[in-house]
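Student: sequence-free structure coming up:
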């Protein structure tokens, strides 16, 4: 599978994509630049903020996770990475919809509830860093893991 570039349209079946260079409502001064309301997401409760540090490894997807009740926001803080997504079919990932995208440093994706995804794959560095935001206790109360029947490899 080829790794695709991210756009609002290409990612729309799985959630929202916000490019780092988007400057809606940007305020600028000699001291700072501010871009507000990059994403507005209804998490319906207290939020959990975590830092995930995916490591460089072969870009081969063998398992996926989903959160059926809550969205998940992923902000690429440091270095680029590859993300995989898939739609849902009767409570399992729909293999026909698996896609791989390059998430560039500074960009953000918001996985819609029910979208299958996995820990990103760092590219161009030994590791990358991401800010993960979802409703508190999602990892405990709304975490669904599925091992794929066949691995899915992605290349540039």
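Tutor: Cool, got the structure. If you're wondering where the values come from, they're calculated on a predicted model, not measured in any experiment.

Student: Could you check the pLDDT of residue 24?
Tutor: Looking at residue 24, its pLDDT is 61.

Student: again, but for residue 37
Tutor: So residue 37 comes in at 71 (pLDDT).

Student: okay, now it: neighbour count?
Tutor: 7 (other C-beta atoms under 10 Å). C-betas here are computed from N, CA, C, even on glycine.

Student: Please apply the same query to residue 102.
Tutor: Look at residue 102: counted by other C-beta under 10 Å, it has 17 neighbours.

Student: who's in contact with residue 99?
Tutor: Residue 99 makes contact with 1, 4, 14, 84-86, according to C-beta atoms under 8 Å, 6 or more residues apart in numbering.

Student: Give me the buried subset of these.
Tutor: Applying 16 or more other C-beta atoms under 10 Å to the contacts of residue 99, the neighbour count classes 14, 84-86 as buried.

Student: ok, which pair from those residues is furthest apart?
Tutor: 14 and 84 (10.0 Å; C-beta to C-beta).
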